[in-house]
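Q: Sequence unavailable; structure follows:
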C-alpha cells in the first residue's frame, strides 16, 4: 500500500482520495482486479486511473519476476545438490567396486592378436574371421607376462599353428592397450591397480622370425647331405659324378650358405670344368 500512496502523492492526488482508498483497503492488488468504471468512483481523473493501472501492472510484473528468480535459484541449488550427491554415490560405488575386485583371486581380461605386416611394416590386428578377434578370459591376478603369453598363444595358435603358419615360425611378444610392451615383472592385479581400468586388454604380437626367411627346402637339404657325404668319405668319386648333378648341388649349397653344415665345404677344390 505504501508504494501506491507514494505514487499517488507524486501524481498530486488529493489527500482526501488517498485517505478514502486507505479506508476502503484498496491497494495495488485490488486495483488490478477493478475495471475502469469501478476505479472511477475513487479516482475521477482519467489520467490518474491510467497511471495507477500502469503502476499496478509494472508492480505485478516485477513481483512475478522476483518470484521466478527465487524459484529458479532454488531449482539450481537443488540440482547442484543432486549432482553432488550423485557424484558422491558414484565415487562410493567405484570405491566399493575396486575393493570388491581387490578381494577377487581371478580377474577378467581381453586378449587380441596383432600380426606384423611386411608390406606396411606395422602391426595390424587380426580379425575374427581370420582366427583373431578379441577373447575374454578369466586369469589369476598374480599372472605375469609369460602366463598371459602362454594363454594367448594357446588361443590363437591351437595345436601349435594357424593359417599364418606354425608358432615356431614367429617371434612373439605381448603389448598392452596402448600397444606398449608389457613389463615382465608386473602382475595383472598390479596393472589393474595402476591403470584403474574396468577391464585390461592385451595383444599377442607375432612377427616372422629370421630363420623362417631362410628356411631350406627339404629337397635342397637332401642334396646337401649327399654332397657332404661325398666330400667326406669318397672325395675321389667327385670326378666320376656327372657335371650337371654337381652343378645342381653347388647351386643348392650357395642358396643355403648360412647353414652350419656348409662351414667345412669349399668349392675352390672342385674341377673348373664343373
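A: Structure received. No experiment lies behind these values; they were computed from the predicted model shown. Residues are numbered from 1 along each chain as shown.

Q: could you point out which element follows the helix or strand containing residue 154?
A: In the assignment (DSSP states H and E), residue 154 maps to helix 145-156. Reading on from helix 145-156 to the C-terminus, the next helix or strand found by DSSP H and E is strand 161-162.

Q: I'd like the average pLDDT over that following strand.
A: Mean per-residue pLDDT for strand 161-162: 90.

Q: any idea which element the closest residue to residue 164 other than its chain neighbours lies in?
A: If the residues on either side of it in the chain are set aside, residue 164 comes closest to residue 115, at 6.5 Å by C-beta to C-beta, 6 or more residues apart in numbering. Just so you know, the C-beta spots here come from the backbone N, C-alpha and C atoms, and that holds for glycine as well. Assessed by DSSP H and E, residue 115 sits inside strand 106-117.

Q: what comes up buried for that strand?
A: 107, 109, 111-115 (16 or more other C-beta atoms under 10 Å).

Q: how about the residues you listed, which pair is most distant?
A: 107 and 115 (26.4 Å; C-beta to C-beta).

Q: Where does pLDDT dip in the protein?
A: By pLDDT under 70, the low-scoring segments of the chain are 1, 60-69, 81-103, 211-274.

Q: And residue 168, how far from residue 153?
A: Separation of residue 168 from residue 153 (C-beta to C-beta, to the nearest Å): 11 Å.

Q: So between those two, which is more surrounded?
A: Using other C-beta atoms under 10 Å as the criterion, residue 168 and residue 153 rank with residue 153 on top: 18 against 11.

Q: Spit out the contact partners of that one.
A: Residue 153 sits next to 167, 172, 204 when contact means C-beta atoms under 8 Å, 6 or more residues apart in numbering.

Q: So the first one sits against residue 155, correct?
A: No - at 11.7 Å, residue 167 and residue 155 do not qualify as touching, with contact defined as C-beta atoms under 8 Å.

Q: Can you name the helix or strand that residue 76 falls in?
A: Assigned by DSSP H and E, residue 76 falls in helix 46-103.

Q: Grab the nearest non-local neighbour of residue 125.
A: Leaving aside its sequence neighbours, residue 125 sits nearest to residue 114 (C-beta to C-beta, 6+ apart; 5.1 Å).

Q: Show me what that neighbour is bridged to.
A: Using DSSP bridges, the beta-bridge partners of residue 114 come out as residue 125, residue 205.

Q: just checking, residue 126 touches residue 117?
A: No - with contact defined as C-beta under 8 Å, residue 126 does not reach residue 117; the gap is 10.4 Å.

Q: Please enumerate the strands of the stretch 101-250 of the chain.
A: Assigned by DSSP state E, counting those that start in this stretch, the strands in the stretch 101-250 of the chain fall at 106-117, 122-125, 135-140, 161-162, 165-166, 170-175, 200-208.

Q: What pairs with the third one, parallel or antiparallel?
A: I take that to be strand 135-140. If you go by DSSP bridges, strand 135-140 pairs up with strand 106-117 (antiparallel).

Q: Can you give me the neighbour number for residue 188?
A: Each residue near residue 188 was counted by other C-beta under 10 Å, and the total is 22.

Q: which residues does it contact?
A: 107, 109, 139-144, 148, 200.

Q: Report the separation between it and residue 32.
A: If you measure residue 188 against residue 32 using C-beta to C-beta, the figure is 74 Å.

Q: again with residue 41
A: Taking C-beta to C-beta, one finds residue 41 at 16 Å from residue 32.

Q: These two: which has the busier surroundings?
A: Set residue 41 next to residue 32 and count neighbours by other C-beta under 10 Å: residue 32 wins out with 14 against 10.

Q: Help me confirm that that one comes into contact with residue 56.
A: Yes - between residue 32 and residue 56 there is a contact at 4.6 Å, judged by C-beta under 8 Å.

Q: Quick check: can you list the domain ranges of the protein?
A: 1-103, 105-213, 218-262 (automatic domain parsing).

Q: quick one on the thing from earlier: closest to residue 193 among the buried residues of strand 106-117?
A: For the buried residues of strand 106-117, the closest approach to residue 193 (C-beta to C-beta) belongs to residue 107, at 10.8 Å.
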